[in-house]
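> Structure for the following, please:
(chains A and B)
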Protein chains: 2
Amino acid sequence: MSDPDTADRTGSAPAHAADTDTADTGAAALLTALRRDLPEDALGTGPEATGPYATDRSGSRPDGIPLAVVHATHTEHVQTALRHAHDLRVPVVPRGAGTGLSGGASAGAGSVVLDLSRMNRVLELSPEEQIAVVEPGVITAELDRAAGEFGLRYAPDPASAAISTIGGNIATNAGGLRCAKYGVTRDALLGLDAVLADGTLVRAGRRTVKGVTGYDLTGLLTGSEGTLGVITSATVRLRPVPEETVTVAAYFATFAEGAEAVSALTAARVEPAMAELLDGPVLGAVDDAQGTALRSRGGALLLLQCDGRGAAAEADAAVRCLRGHATSVEVTGDPAEADRLLAARRLALPSLERLGRVLIEDIAVPRSRLAAAVREIDAAADRHGVRIFTFAHAADGNLHPILVLDPDLPGIPDAAWQAAGDIFSAALRLGGTLTGEHGVGTLKRRWLADELGPDQHRLQRRVKAAFDPHGILNPGKAL
Amino acid sequence: MSDPDTADRTGSAPAHAADTDTADTGAAALLTALRRDLPEDALGTGPEATGPYATDRSGSRPDGIPLAVVHATHTEHVQTALRHAHDLRVPVVPRGAGTGLSGGASAGAGSVVLDLSRMNRVLELSPEEQIAVVEPGVITAELDRAAGEFGLRYAPDPASAAISTIGGNIATNAGGLRCAKYGVTRDALLGLDAVLADGTLVRAGRRTVKGVTGYDLTGLLTGSEGTLGVITSATVRLRPVPEETVTVAAYFATFAEGAEAVSALTAARVEPAMAELLDGPVLGAVDDAQGTALRSRGGALLLLQCDGRGAAAEADAAVRCLRGHATSVEVTGDPAEADRLLAARRLALPSLERLGRVLIEDIAVPRSRLAAAVREIDAAADRHGVRIFTFAHAADGNLHPILVLDPDLPGIPDAAWQAAGDIFSAALRLGGTLTGEHGVGTLKRRWLADELGPDQHRLQRRVKAAFDPHGILNPGKAL
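Numbers count the residues shown, from 1 in each chain, chains lettered A, B, ... in the order given. Reported below is the predicted structural model:
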């Protein structure tokens, strides 16, 4: 492993499906077969072509660089690559835009990267059915834009929507800001085409809103991080663009008071479309970077959006409830004014990135434990001398503690891993999860068994084997 | 098989996991083990005790009656029963209230019924988290009522809610009327405890709204009709009771015009919580049974509900849209008046049951194909000389063609199976599914492969084997 810290954190995840000698023979035979059976421009080999595919946005980097990159433009290319890789037992790493934050698309020596970013056509967009059929490489925001031409939208909106692909979103079951009301990627999926490890194309799910024939393989593939199959097409549900959207911004003395206000909103049966809670250090970082004065207004900022034909009434109910908790509350139905209020959230990560190298964590806890989670995060920061800034998709109990590290250090210091480990343990102790929406990838595998328990873990491995008996699909990831 | 028609329809589904001799030895050994390891009142044997468990509300009846019934009151009873059945290769049929319409809980000779109806405690109901943790035998309407004490509700509302159990709802991924807006059972589930075929207890999912650690086994178990595991606890999401509900009733000259109006609502980006469409023959049957005069008002009736803080605005938009299509439109925010309007839907099935033996089908098609589906249903009725009445969860494209048969006939006539077969084929041809919300059970297995295709079917069988290698869990059902 080139990065000892990563190596330490990822544990002993095998980068190879077979031992080295067999792998070398297999690799040579695979390259021959791929050269024979794929169009010339669909295959990249050599360090210049494959080097950029060794890592993803997580920065996690396994040993070496991949053997080859297949740039698929048709499902048949995916089938060809997998059929040969399966026969020759060569590991395959499916990849969309490489924007994942958990190392799910990092690819080491001896592996073949299956790049799906060129399969990027919207195959169908039916305003009548409110569905779209898309290839996996479609950029998420592009689909949303295409739907917008018909007054519709693709509801899931991961923060990476402008750069991530639908296929990658499906692989991690990506969430986002609007999922407080509209749910995660899974909730927008009706069906998937996926190529199994042996090259077999399977069409799971359907075009109808409801349907219960057979097991829900669409749901099973969603969030499986490329370890069960390679998605080559998705049938997604679109929703009407809301008639109205009202934005509320409320400041609180402390994060705990903000979290308490979110619980109060739940108790008042308010259902926002978005509820983002930023802690004081994040506000301070935005101020430093942008010249604003948010931190002087409070120790936490809650940004709500209510939408639909009841947006104004919903926002009214929210404001009535928040007045008892907040130091100030602003509300607007004006889009430009809303943009101004939301700037703090939009600029949070860019502002933190100016302070150092960021490591974005992603725990979720039961909604009433938000304040407890932030206390644990702050304690972990103090204990290990690490700077941590937190914002949360508060209505979902999904927190992103951002560790900001010295960019001059060669790797990630032990203290940061220890703080992260403490945060994961705390999330589980609070009845939560290691990862709300980013996936396990390589970076969280060490803690996986703590969450699943041995019996479920064994069962999950049997499910994996039912799809991929030789373990060639994204080995060392997710499970 | 005691009913040749059923036998014909169910095909060669094996009622046993092993051959007869082995089964007899296994049966005797199992009874001995269960008598030893279970409380006396948890075990029923002999025809009087087991006879009632041979069939469910579908009326489908395999050969013979079950060997024994285990009335579980604790998870340990489920584990004990399964562990022994697994060791001795005896088939086990999990059962809630037996209200399924596809034969999923019918149990033949040599099988053990695992009755979960006595595991009926609400273990936790947290208004703070808006979740409940329930045992599988809780009656669905009971959970909804318990949530109601806190201003919350359990959103999925299958028509059987007053008599069916949460466990059964999960096993079939039950839908209902409100799923136009709130989704199906799966959408309300956060986590499940399930006992695997070998007696291992697995805790899938979590208490948080979001979470992507490991494969989504909660979703996989949902809708698996008792073939992958036996659910012993479910963590479900509750939602606020809407602040306001507005009901709209619109009559149309024909079903096709009603279906067109539903498409127009979609195009107008109206999002109702419920959209039920009844055809003219159903209205006539209600009139005959109840002395009403609905049929004189039109050839189809659409019943909509809009709810939440935007209910009135949503209903306004609906009414504006419907006026161009309907012969009459009524709208009310008054609950008593709403009840009067909804009576036609509520009384539809009881009214049809007065006309003969009913066989309730359950296809779903893409939403824009509703009218085409009803044309196909009517053609199948004419072709085979069978009386078919249809109502639909129109916003989901989910149709219930009700075949009304001569109650004096001993079995179900061939013509009825042929008509049903034609309807299923039509559903698939229209891009739809065999079953929107009732499950495959035994009754639709003959058509299953047509929908799944051979490659997906094989994969589904491998998934089944990963959970239940000896095939003891509900053999001959679902897959």
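
> phi, psi of the residue in chain A that chain B sits nearest to?
At 2.5 Å from chain B, A:Gly310 is the closest residue in chain A, using CB to the nearest CB. In short, each C-beta sits where N, CA and C put it, glycine included. Main-chain dihedrals, A:Gly310, degrees, to the nearest 10: phi -100, psi 20.

> Give me the neighbour count for the residue nearest to it when sequence neighbours are not counted.
Counting by CB to CB, 6 or more residues apart in numbering or on different chains, A:Gly310 lies nearest to B:Gly310, which is 2.5 Å off, once chain neighbours are set aside. Using other CB atoms under 10 Å in any protein chain shown, B:Gly310 has 28 neighbouring residues.

> hang on, isn't B:Gly310 packed against A:Asp307?
No: applying CB atoms under 8 Å as the test, B:Gly310 and A:Asp307 come out as separate, 9.4 Å apart.

> show me the contacts for the residue of chain A closest to chain B.
By CB atoms under 8 Å, 6 or more residues apart in numbering or on different chains, the contact set of A:Gly310 is B:308-311, B:313-314.

> For the helix ranked longest in chain A, what is the distance to the chain centroid?
Longest helix in chain A, counting residues (DSSP state H): helix A:445-467. Its chain's average C-alpha position is 20 Å from that of helix A:445-467, according to CA atoms, centre = their mean, to the nearest Å.

> what packs against it?
For helix A:445-467, the elements it packs on are helix A:4-10, helix A:414-429, strand B:201-205, helix B:217-221, helix B:445-467, judged by 3 or more CB pairs under 8 Å, 6 or more residues apart in numbering or on different chains; DSSP states H and E.

> which of those sits most buried?
helix B:217-221 (a mean of 25; mean count of other CB atoms under 10 Å in any protein chain shown).

> How far does it sit from its chain's centre?
17 Å.

> Can I get the contacts of A:Gly310 in TSV including secondary structure and distance to B:His77?
Formatted as TSV, the contacts of A:Gly310 follow (DSSP: H, G, I helix; E, B strand; the rest coil; distance: CB to CB, whole Å):
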residue	secondary structure	distance to B:His77
B:Gly308	coil	42
B:Arg309	coil	46
B:Gly310	coil	47
B:Ala311	helix	45
B:Ala313	helix	52
B:Glu314	helix	47
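
> mind putting those in CSV, pLDDT included?
Shown next, in CSV, are the contacts of A:Gly310 (pLDDT from 0 to 100):
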residue, pLDDT
B:Gly308, 96
B:Arg309, 95
B:Gly310, 95
B:Ala311, 97
B:Ala313, 96
B:Glu314, 97
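
> Out of those residues, which is nearest to chain A?
For the contacts of A:Gly310, the residue nearest chain A by CB to the nearest CB is B:Gly310; the value is 2.5 Å.

> list the contacts for the residue nearest to A:Val209 when sequence neighbours are not counted?
Excluding the flanking residues, the one nearest A:Val209 by CB to CB, 6+ apart is B:Asp396, at 4.5 Å. Applying CB under 8 Å, 6+ apart, we find B:Asp396 in contact with A:208-210, B:175, B:179-180, B:364, B:367, B:436.

> if you set the cut-off to 7 Å instead, what comes out?
A:209-210, B:179-180, B:364, B:436 (CB atoms under 7 Å, 6 or more residues apart in numbering or on different chains).

> which one of those residues is nearest B:Thr50?
In terms of CB to CB, no member of the contacts of B:Asp396 lies closer to B:Thr50 than B:Gly436, at 32.0 Å.

> Next one, pLDDT for the closest one please.
At B:Gly436, the model reports a pLDDT of 96.

> ok so it is a strand residue?
No: under DSSP: H, G, I helix; E, B strand; the rest coil, B:Gly436 falls outside any strand and is assigned coil.

> Now for it, how many residues are close by?
Neighbour number of B:Gly436 under other CB under 10 Å is 30.

> got the buried residues for stretch A:73-91?
Going by neighbour count (16 or more other CB atoms under 10 Å in any protein chain shown), the buried part of stretch A:73-91 is A:73, A:75, A:77-91.

> State the pLDDT value of the residue lying closest to A:Arg320 once chain neighbours are set aside.
Distances taken as CB to CB, 6+ apart put A:Ala268 closest to A:Arg320, at 7.7 Å, once the chain neighbours are dropped. pLDDT recorded at A:Ala268 is 91.

> Would you mind listing what in the stretch 151-300 of chain A touches chain B?
Residues of the stretch 151-300 of chain A that fall close to chain B, judged by CB under 7 Å from any CB of the partner chain: A:151, A:172-173, A:175, A:184, A:187, A:196, A:200-204, A:206-216, A:219-220, A:222-224, A:240, A:263, A:266, A:269, A:271.

> quick one, what contacts A:Arg354?
A:Ala289.

> give the contact list for the residue nearest to A:Val463 when sequence neighbours are not counted.
Nearest-residue entry for A:Val463: B:Ala466, 5.1 Å, with adjacent residues in sequence omitted and distances by CB to CB, 6+ apart. Listed by CB under 7 Å, 6+ apart, the contact partners of B:Ala466 are A:462-463, A:465-466.
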